[in-house]
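1. quick one, fold the following:
(3 chains)
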Amino acid sequence: MFYREAGDFKTSYAADQSILSIKLDRYFVIGLIAFGVIVVPMIGNDYWLGSLLIPVLVLSIAALGLNILTGYAGQLSLGTGAFMATGAYMAYKVATNLAFLGAPVAIIIGGLSAAFAGVLFGLPSLRIKGFYLAVTTLAAQFFLLWLFTHVDWFVNYSISGVPSIPPMEFFGVLISGAEATTEARYLFVLGFAIILGLAARNLARCKMGRGWMAIRDMDIAAEIIGIDPLKAKLSAFAISSFYCGVAGALWAFCFINTVEPGAYDINRSFQILFMVIIGGLGSILGSFLGAAFIVLLPIFLNNAPQWIGLNLTSDVISHMEIMIFGALIVFFLIVEPHGLARLWQIAKEKLRRWPFPY
Amino acid sequence: MKLKALGMLAGAAAMSIASFAANAAELNVPSLVYRTGPYASGGIPLADGFADYFTMINERDGGIGGLKVKVEECETGYKTDRGVECYDRTKEGALVYGPYSTGIAYALIEKMTADKIPLLTMGYGRTTAADGTVFPYVFNFPSTYWNQATAIFNFMGGELGGMDQLKGKRVAYIYLDHPYGKEPIPTLDKLVEKYGFTYDKYPVAPASMTEQKSIWLQIRKTKPDYIVMWGWGAMRETAVKEATNIRYDMSKFIGNWWSAGEEVATPTGERAKGYRAATFNGVGMDYPLYDDMKKYVYDAGKASGDGSKAGTVLYNRAVVNAAYIHETIKLAQEMSGKADISGEDMQKAMEQLDLDAADVKAMGMTGLLPPVKVTCANHEGQNPAVLIQEWTGSEFKIVTDWIPADTAMTRPLIESDAAAYAKEQGITPRSCS
Amino acid sequence: MEFLYSIFVTPFVEMWTAPEFLAEVVLGGLMSGIMYSLVALGFVLIFKASGVFNFAQGVMVLFAALNFVGLIDAGLPIVVALIATILIMVALAFAIERVVLRNLVNQEHIILFMATIGIAYFLEGLGEMIWGGDVRPLNIGLPDDVWFVGDILIQQSEVFAAAVAGSLVIALSLFFQYTRTGRALRAVADDHQAALSVGIPLNHIWIVVWAVAGLVALVAGIMWGSKFWVQFSLSTIALKALPVLILGGFTSIPGAIIGGLIIGAGEKVAEVFWGAAYGGAIEEWFAYVLALIFLFFRPQGLFGEKIIERV
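-> Sure thing, here's the model as predicted:
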């Protein structure tokens, strides 16, 4: 009743091929974007925008990237953190040495560098599969981070290797540095998230995306029907790493304000893999839901005792936090191995039939 | 409609967090701690000491200027993003922060300057923040890593019988491969230029801090005259143990002040005898202050944590940190003429902080807390000296007098790096005259 | 030019001029490798029997060691503490099978892998909550000094660990070869379906495997714990075991040992002789790169089962 595809006729090819071909979906997404762009900055305070929503959006972009690689192309990767780092360090380098290019260009160049690194470390995927591949992507994780911390060129010879991001403007509004308002940073990140989210949705249903899915489902069969595994796998690595690189750069520019190796370590890679799995493999919406869940849950668990007036010491809280987090992950995997995106799908089906379920 | 309601709900929840912090009738001193994770062995005593000192102040004096001090702990796990989140969560009405993490400190410098809350990184963080003209809201008294490095080499020179004896010597520098461990390297390069020794760098990766075998194999081969360590977390204990394993002369092994805790040498015990470390605070509990701490905190059962850390080196350091903040709050209340001060008042007072020997005696902390004098331009104090302590097999004993740092060498370095930072960030240094 | 020189010439000159130092480095590396193998063994056991890539193995090492040292510090005699810890690990295996694995039968590998990371988080929090975040020395009388053979330094603890690892592998092979449970385990490893159809209870087998992996974790925990004390960073040794695994193959017990030896010796030699040219700490990634190179030639690891692909 609330959600209907019926009666939604298309009269042109363009309408039939649009990203969101169902009217309700379209309205919903437009409404959501409008809400995110207009309402959220008005009602959100510094803490909600700056410390919760910005990291959620940034990591959503990284999760989108990993979802392209793991969810669509079926290549398991534990090197996400390193590709994020590549984006961040290169974007910093461009932003400081070629400042006239501006922040968005710097971030995109960061993403492209990450894509290059991704292709390089994606080469073994042509021969190595499954968990073996996952462990080899750890080589990328450790090697790239080592490279950035040991070659001072990447950080402009800064002493401790943690350079601060210079203040940068986008159409006259500061979007990085401490003087930038939280709203500006939020909107900047949101802009990237929207564009990249829609792009990912489009990519997944074009020829390239179908090639990825064929490779994921059975690579030998895909090869036999004429999909070039070299092209499919490497393009997945490149695009995935581009997303991760952009996310890494945004993390540095719009969130923590420094380029810090610790922000891109192996735990970050696991965290993003979690987002993809909990959100739903092979789902764009799932990447956003997963990121929100994985980022907000620990912070919620950490805050919850205080909200309900429980006075626990900070160490007990954080032990509880990590235990409950682990338990909830297992719980979710058991209850809904296809992720939050699947729950959303079920909800849509329910809404379609309500109030007359069979 | 539903979503809007959700948004409202979220907004309301956010307000409620904010209102928790904004209870105006308290002095809000948030404490970013790490009682969990790989660095917890150092983080626990630091968190306990800080909390216990203010518990004592609240119990003994009823707070400061009639207002209770509220120490709200927030767990960072030594992770930068959680540190930033903690800061944003607790910053309403906060007076000062000290995250005990160089990574978090770096991430907070610009944010806190914009929010006008002082950041007191006592002996860690960004060394060049000692230049108050560029970093008005960042303080790192009583000393910085760079001055500490020069003081350690001054100590070696003294031991060898003159700085000229350093010529031709070989030093091994073992450090955590993290912003923190890299901080003193430019100073070491300067020292090499000046005194003509050589040094080898041995980074220890944070992901595998106990994996140091190849380092110690190399040290066995190169036989350095001294080893200097910039360690944190489990790498310190491991390094001390490995040094005893290869039979290195422990009295030539010098840790920096974060490698100075009991937890570094206790596991190796008797065999680590002679291990030395720099410090700037006293050891043990033999100070008048501890009578009050005992009376109002430990015996009253109000100690933070399990209470076993009292009197350890890092615990004492956190007490010193808290005492500096205490004195600054008092001064700020005096200067602003009101009890309920702001971060800005705090910053003004911190730039005027001047604790001489008599003041320290009045605090009951002679020998525990180094006297300090901060000015507008100089945020690391006028006396960036260190003490050297030695492990006797069961405890640390201070074995030297204050060893002065070579500020004539470090100050120009600090100023030039601060100027470079100001240029990159587009800051015009303020005038201090 | 100087850079190339430091890669292709200097290290070999160094090796040539100080052969006893090279011997010491190789020996030390082999010993470290054995320590990695001890952790890798636990991975192999579980992967072989249930196809689960158990990332929690590293945390299980920490958890076992924490319980053991905690019980000793609480005043229990060593033997009692040991038995109690074994019981805890068996109970843990039981709980994991009941709560997690049974509910995830037939799920994709990646889901199971993620579930073990969830378990790892849970155990990490639980262990720290009960026993605290302090560094705890573990002194149960294991040798902890060094020998000097000529000028070569040998750590007694590592020789002991090598002996333990050797006996563990022998014991495990005997167990797999000659006991009823062992035969059942091998059957399950070969083919779950076929094993089920001849009446082998899969659930019991999993409990047994996880319990054995728990015991291996305990042994590894005691070895690492008495060397570097029981502390949080023990959990990160899982990362050291991963390249050992890919090198040796996920399914081979001897592979875990030989992989460990190759990785251990390789990374130490690389760090000591080549590390300085690159600013040090290259062993962080060297093991992975070494494993990667091996994989190019044998995608299933040195001793892994040949991958047969059917469409």
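2. what about B:E327, distance to chain C?
-> Remark: distance between B:E327 and chain C (C-beta to the nearest C-beta, to the nearest Å) = 31 Å. Quick note: C-beta positions are derived from backbone N, CA and C, even for glycine.
3. typed the wrong thing, it's A:N311
-> 17 Å.
4. ok, for that residue, nearest residue in space, not its chain neighbours?
-> In space, A:N311 comes closest to A:P305 once its chain neighbours are excluded; the distance is 7.5 Å by C-beta to C-beta, 6 or more residues apart in numbering or on different chains.
5. isn't that neighbour right up against A:H319?
-> No: taking C-beta atoms under 8 Å as the definition, A:P305 is not a contact partner of A:H319, at 11.9 Å.
6. which residues touch the residue nearest to A:N311?
-> Applying C-beta atoms under 8 Å, 6 or more residues apart in numbering or on different chains to A:P305 gives the contacts A:311-312, A:317, A:320.
7. nearest to chain B among these?
-> Nearest to chain B among the contacts of A:P305: A:I317, at 6.6 Å, using C-beta to the nearest C-beta.
8. and whichever strand or helix holds that closest one, how far out from the chain middle?
-> Using DSSP states H and E, A:I317 sits within helix A:314-335. Centre-to-centre, helix A:314-335 and its host chain are 22 Å apart (C-alpha atoms, centre = their mean, to the nearest Å).
9. hang on, the earlier thing: what's the PyMOL line that selects buried ones from the contacts of A:P305?
-> Typed into PyMOL, the next command selects the buried ones out of the contacts of A:P305 (criterion: 16 or more other C-beta atoms under 10 Å in any protein chain shown):
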select buried, chain A and resi 317+320
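10. how about CSV for the contacts of A:P305, with pLDDT added?
-> Listed next are the contacts of A:P305 as CSV, based on pLDDT from 0 to 100:
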residue, pLDDT
A:N311, 74
A:L312, 76
A:I317, 84
A:M320, 87
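11. any idea which of the contacts of A:P305 is closest to A:K23?
-> A:K23 has its nearest neighbour among the contacts of A:P305 in A:M320, at 45.3 Å by C-beta to C-beta.
12. what residues are up against the closest one?
-> A:301, A:305, A:312, C:125, C:129.
13. tally of neighbours for the residue lying closest to the last one once chain neighbours are set aside?
-> If I follow you right, that is C:M129. Spatially, and ignoring its direct neighbours in sequence, C:M129 is nearest to A:H319 (3.8 Å; C-beta to C-beta, 6+ apart). If you count neighbours by other C-beta atoms under 10 Å in any protein chain shown, A:H319 ends up with 24.
14. coming back round to it: would you reformat the contacts of A:M320 as JSON lines and include secondary structure?
-> Shown next, in JSON lines, are those (DSSP: H, G, I helix; E, B strand; the rest coil):
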{"residue": "A:L301", "secondary structure": "helix"}
{"residue": "A:P305", "secondary structure": "helix"}
{"residue": "A:L312", "secondary structure": "coil"}
{"residue": "C:G125", "secondary structure": "helix"}
{"residue": "C:M129", "secondary structure": "helix"}
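15. out of those residues, which comes closest to chain B?
-> C:G125 (8.2 Å).
16. from what I see, that closest one and A:H319 are in contact.
-> Yes: if you go by C-beta under 8 Å, C:G125 and A:H319 touch, sitting 4.7 Å apart.
17. helix or strand for B:C74, which one?
-> Assessed by DSSP H and E, B:C74 sits inside strand B:73-75.
18. that strand near chain C anywhere?
-> No: shown here: strand B:73-75 not in contact with chain C (C-beta under 8 Å from any C-beta of the partner chain), separated by at least 11.2 Å.
19. tell me who's in contact with the residue of chain C found nearest chain A.
-> When scored by C-beta to the nearest C-beta, chain C has C:Y121 as its residue closest to chain A, at 3.0 Å. Residues near C:Y121 by C-beta under 8 Å, 6+ apart: A:322-323, A:325-326, A:329.
20. distance check, B:G63 against chain C.
-> Plainly put, B:G63 is 30 Å away from chain C if you go by C-beta to the nearest C-beta.
21. now do the helices in the stretch 201-350 of chain B.
-> For the stretch 201-350 of chain B, the helices defined by DSSP state H, counting those that start in this stretch cover B:213-222, B:234-245, B:262-265, B:288-293, B:313-336, B:343-352.
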